[in-house]
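# Here is my input, please return the structure:
(2 chains)
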There are 2 protein chains.
Amino acid sequence: MASDYSSTLNTVSPKVLNCVYAIRGEIVTHAQILQQELKENPGSHPFNEILYCNIGNPHSLGQKPITFFREVLALCDHPLILDRSETKALFSADSIVRASQILDQIPGRATGSYSHSQGIKGLRDTIASGIEARDGFPADPNDIFLTDGASPAVHMMMQLLIGSENDGILCPIPQYPLYSASITLHGGTHVPYYLDEETGWALEISELENQLKAARSRGVNIRALVVINPGNPTGWVLAEANQREIVEFCRKEGLVLLADEVYQENVYAPDKQFHSFKKISCSMEFGEKDISLVSFHSASKGYYGECGKRGGYMEFTGFSPEIREQMYKVASVNLCSNISGQILTSLIMSPPKVGDESYESFSVEKEAILSSLARRAKILEDAFNSMEGVTCKKAEGALYSFPRINLPGKAIKAAEEAKTAPDAFYARRLLDATGIVVVPGSGFGQRLGTWHFRCTILPQEEKIPAIVSRLTQFHKQFMDEFRG
Amino acid sequence: MASDYSSTLNTVSPKVLNCVYAIRGEIVTHAQILQQELKENPGSHPFNEILYCNIGNPHSLGQKPITFFREVLALCDHPLILDRSETKALFSADSIVRASQILDQIPGRATGSYSHSQGIKGLRDTIASGIEARDGFPADPNDIFLTDGASPAVHMMMQLLIGSENDGILCPIPQYPLYSASITLHGGTHVPYYLDEETGWALEISELENQLKAARSRGVNIRALVVINPGNPTGWVLAEANQREIVEFCRKEGLVLLADEVYQENVYAPDKQFHSFKKISCSMEFGEKDISLVSFHSASKGYYGECGKRGGYMEFTGFSPEIREQMYKVASVNLCSNISGQILTSLIMSPPKVGDESYESFSVEKEAILSSLARRAKILEDAFNSMEGVTCKKAEGALYSFPRINLPGKAIKAAEEAKTAPDAFYARRLLDATGIVVVPGSGFGQRLGTWHFRCTILPQEEKIPAIVSRLTQFHKQFMDEFRG
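Numbering: from 1, shown residues only, chains lettered A, B, ... in the order given. Below you'll find the model as predicted:
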């Protein structure tokens, strides 16, 4: 008998079959084929490189790592050189000190060991101190779970919260599709709430209330609310007053608040500021018994953008000891997150300070990246808004533009004939004409009859004018072809 | 309303509640408390350190990393120093060359980027070549999925294979409990088959056939067979003829063969040799259409023991393009495994070769570790076999002793009174008396009425005599206390 798995799909879990994750979906697979064609046959396409604007992956588009962070990581990987005189010539003095301090926090100075399932205690102490400095409220290292980026943390939470399809999770639309994908993989029910595009993608409590009520009336047991702040793909940064309403809503309804705060360092709007939900909740004098709150953070975004290191943490507060034990067990089954990622996560929460040898160069590197990102966000926003039938809300934060395109009826019809969503049709045409990879709005969810795409603001600044011109020219040609 | 999660367990997924993972279970939690007590109050216990023999975590017990591997990792973390003259004084010449080659394989030389969801293509090429060199049969880099250690790879496979509790996975008893834990977390049915302790924990095809038949008659749809070779916790290394039977069984019954081969470099018995199931299957001239086979490997074991780096891969062969696409999607939702772990995994599959500057020192480091492990395995085996009522099969491979203890009726009764399993009772007594942490056999599964524990062979060799004497003395006192 031949293996079932060499032939049909009916042996694959329906949860996997139903899972959708467009960030690395069809359009990216097609882009990889084009890239291979360009390599084998330069000149075979009307562009000479593929620009991956589908994913928040800064270093892949040329952003350089923060030197101090990499110095410390290298020294922790190879501590044998710490005391060598040549090392003093190669590495900054404070990176050598920091690496030694970190190694002292690791039992046996062994970066090759599995750590405690929640991560190395000393690094969790550092992270908790960083949270305290950020928020002005206490943080407990025992609440920190270090993870391989934010994604596994989200999976762990879904695993904990979802027992069956009766368990629902409220997620924004549009959303970063990790959430819907993870809910599907764990067999739960994805309950959408819609962000308001008119006001720049604000979150309205009345919408949460309506969706919660409707879901409950269908018998769905809503376990948690996902909020992404700053917003992905929307770029919206929540106002403090709005955050208070959200906290109050979760408290009142007994929902776990799953706060995706991975873009906390990426705020560009001068009138907006990032506030963690933990800080908001503490400032409302809510404690452990009032609200269950999980804050996800990652080493992949911010000004550091270290996606490949897979570092991150979740701060897990307001759960009973029995539930914390269950969370610990889930973490234990995977043993621990990677130690380099753990170290990097401690560094982003405790970067060089005034007086440290690296402080000045660190600050220059950091500010150069953040100010350039702010400029790029603005240039792309303006470019999209100058295109026929396109409106683009301001990216106040995060790493994305999310323009809306009013597609002509003829284009929608052509998409139908091509058996694809209209925005996927547009994105595919854009890729074929320009080599620019974006993700269709349908990958994030959008109101019926509206069409969007997400484009990262990550190409290096000197490339932006050419990209804008390619986008603009393509859009004009597309509209000329399909305008009614 | 207070959050449900601050109070009761009835909001936690039953799949999580039912999941058991003893490697980091109660006994380890208790050990951590004792460790803290020793730190705060030296002399408070009849031992001065806790010896964690519960988990295969070599560096935590003093094993040193392989220098060449760490040199390459450090240089890839901080490539800015590659061309500096001081670097030539600090690093071996071939580590500098290797780091440059690896960076050349990474798009933009950016170790801070998310990679392809399966891992960096150039590293997969290296790994595929390593598999070819090991097996003498072709390996395809497109079949390789790089993962954060073997555990996430196992979870991905369970996710793919388990749609509901009707889906069953055949697992050995005793087993590494990742398998039962992962099956439970994904809502499937764990179908045990028993290894034969009398013959040294051999795997008998008749037992597989009986369990398969019985499970099918209960309506369970058996999806896959898990085989751990070399065995964990048993130390058994499969003979080639037995492997052929296993392959033939899976082919005939249409089961996916999940081959845990993470201890492939840990074989100590001179008359045994590791053969990958892929090699066996190829040597039987089975192809992609005949058998679906997944081989798990990890950077955490072998002579390198780099648990903290979370590197590993699975080789995924004999699946249809449609199913491969689903696997790719599951990998994509987590973006990619950590790049340092990916690099390390390529290094273990392609270590220094004759003629390389590091070859000699590398070989010395490697052989010292492996020969010492072989000696330690033998010393512990002999020690256990010399104890009253204890029998211990030879550890032909892997990192563990798994002695059987014939517990006196009085001890079993005392355990019942303490509301714990008899082997957990023994392990707890051992910990309290000696500071040595082992995992009770009940954590791995065992035949009814038999009792075991797993003890790693990882304490450094100079400590082994003292450990043997502590174990022996404890056992004698325990037997004196409970002997009939």
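
# Tell me who's in contact with the closest residue to A:Val330 other than its chain neighbours.
What sits nearest to A:Val330 in space, not counting adjacent residues and going by CB to CB, 6 or more residues apart in numbering or on different chains, is A:Met156, at 5.3 Å. C-betas here are computed from N, CA, C, even on glycine. For A:Met156, the contact set (CB atoms under 8 Å, 6 or more residues apart in numbering or on different chains) comprises A:145, A:147, A:314, A:327, A:330-331.

# go with 10 Å
A:Met156 makes contact with A:145, A:147, A:182, A:294, A:314, A:316, A:327, A:330-331, A:333-334, B:16, according to CB atoms under 10 Å, 6 or more residues apart in numbering or on different chains.

# Out of these, give me the two with the largest separation.
Pairwise distances across the contacts of A:Met156 (CB to CB) peak at 18.5 Å, for the pair A:Val294 and A:Val333.

# These two: which is more packed in?
Higher neighbour count among A:Val294 and A:Val333: A:Val294, with 30 against 24, using other CB atoms under 10 Å in any protein chain shown.

# That one contacts A:Ala153, doesn't it?
Yes: A:Val294 is in contact with A:Ala153 according to CB atoms under 10 Å; the separation is 7.8 Å.

# overlap in contacts of those two?
A:145, A:258, A:260, A:314-316.

# can you put the contacts of A:Met156 in CSV and add pLDDT?
Conversion of these to CSV gives the following (pLDDT from 0 to 100):
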residue, pLDDT
A:Phe145, 98
A:Thr147, 97
A:Ser182, 95
A:Val294, 97
A:Met314, 98
A:Phe316, 96
A:Met327, 94
A:Val330, 92
A:Ala331, 93
A:Val333, 90
A:Asn334, 88
B:Val16, 89
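
# Just the closest of these to B:Tyr400, please.
A:Val333 (18.7 Å).

# Strands of chain A, residue ranges please.
Using DSSP state E, the strands of chain A run over A:51-52, A:144-147, A:167-173, A:189-194, A:221-228, A:256-260, A:293-298, A:312-317, A:390-391, A:400-401, A:404-405, A:436-437, A:439-440, A:453-456.

# does chain B sit close to the third one?
If I follow you right, that is strand A:167-173. Yes: residues of strand A:167-173 are located near chain B by CB under 10 Å from any CB of the partner chain, namely A:Asp167.

# That strand relative to strand A:189-194, how many degrees between them?
Relative orientation of strand A:167-173 versus strand A:189-194 (axes from the mean of the first three to the mean of the last three CA atoms, to 10 degrees): 30 degrees.

# Give me the packing partners of strand A:167-173, helices and strands only.
Packed against strand A:167-173 by the contact rule (3 or more CB pairs under 10 Å, 6 or more residues apart in numbering or on different chains; DSSP states H and E) you find helix A:150-161, helix A:178-185, strand A:189-194, helix A:205-217, strand A:221-228, helix A:240-253, strand A:256-260.

# Can I get that strand as CSV, trimmed to CA atoms?
Only the C-alpha atoms of strand A:167-173 are listed here, as CSV (Å, rounded to 0.1, in the frame of the first residue of the first chain):
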residue,chain,number,x,y,z
ASP,A,167,-14.2,29.2,22.5
GLY,A,168,-14.0,32.5,20.6
ILE,A,169,-11.4,35.2,20.4
LEU,A,170,-12.3,38.8,19.4
CYS,A,171,-9.8,40.0,16.8
PRO,A,172,-9.6,43.3,14.9
ILE,A,173,-10.3,43.6,11.3
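
# Closest to the centroid, which residue in chain A?
A:Val262 (5.7 Å; CA atoms, centre = their mean).

# Not counting its neighbours along the chain, what's nearest that one?
Computed as CB to CB, 6+ apart, the closest residue to A:Val262 that is not its neighbour in sequence is A:Ser298, at 4.2 Å.

# contacting residues for the one you found?
Per CB under 10 Å, 6+ apart, neighbours of A:Ser298: A:56, A:147-151, A:153, A:260-264, A:304-307, A:309-314, A:341, A:345, A:348.

# could you flag which of the residues you listed are buried?
Buried members of the contacts of A:Ser298, counted by 16 or more other CB atoms under 10 Å in any protein chain shown: A:56, A:147-151, A:153, A:260-264, A:304-307, A:309-314, A:341, A:345, A:348.

# I'd like to know how many residues surround A:Gln446.
By other CB under 10 Å, 23 other residues sit near A:Gln446.

# State the pLDDT value of A:Val28.
For A:Val28, the model assigns a pLDDT of 88.

# That one and chain B: what is the separation?
If you measure A:Val28 against chain B using CB to the nearest CB, to the nearest Å, the figure is 9 Å.

# for the closest residue to that residue other than its chain neighbours, what are its contacts?
Nearest non-adjacent residue to A:Val28, counting by CB to CB, 6+ apart: A:Asn54, 5.7 Å away. The contact partners of A:Asn54, by CB under 10 Å, 6+ apart, come to A:22-25, A:27-28, A:31, A:427, A:431, A:436-440, A:443, A:453-456.
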